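K.L.:
Build me a model:
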Amino acid sequence: MATMNISLPEPLKQFVDEEVREGGFSGTSDYVRDLIRQRQREKAAEFLRKLIAEGLASGPATPQEADFFDKMRERARARAGGE
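P.N.:
As a prediction, the model looks like this:
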């Protein structure tokens, strides 16, 4: 696991120490990892919301043939295999 050192002003350090004590974290590193994971989930949710909005803005859905996705997979395999 990689190590990262950060410098905090005393009020922020006290806040983090309090969060570690009250939040049941095993230590400061555990707390910071949790914050990073939360931000990763937020970014993923933001991206998903963006994709949904783009999809909604793209207009109504159009019906496709029953084998539409099968044909799409075949074309993708052909391109990947160089055929």
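
K.L.:
Helices of the chain, residue ranges please.
P.N.:
With DSSP state H applied, the chain shows helices at 10-23, 28-57, 68-81, listed in chain order.

K.L.:
which residues sit against the first one?
P.N.:
So that's helix 10-23. Identification of contacts with helix 10-23 by Cβ atoms under 8 Å, 6 or more residues apart in numbering yields Leu8, Phe25, Gly27, Thr28, Asp30, Tyr31, Val32, Asp34. Where you see a C-beta, it was placed from the backbone N, CA and C, and this is true even at glycine.

K.L.:
And for the nearest residue to the last one once chain neighbours are set aside, the neighbour number?
P.N.:
Leaving aside its chain neighbours, Asp34 sits nearest to Phe25 (6.8 Å; criterion: Cβ to Cβ, 6 or more residues apart in numbering). Counted by other Cβ atoms under 10 Å, the residues lying close to Phe25 total 16.

K.L.:
still on that earlier bit, present the helices of the chain as a markdown table; the columns should include mean neighbour count and mean pLDDT.
P.N.:
Listed next are the helices of the chain as a markdown table, based on neighbours: other Cβ atoms under 10 Å; pLDDT from 0 to 100:
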| stretch | mean neighbour count | mean pLDDT |
| --- | --- | --- |
| helix 10-23 | 12 | 97 |
| helix 28-57 | 11 | 97 |
| helix 68-81 | 10 | 94 |
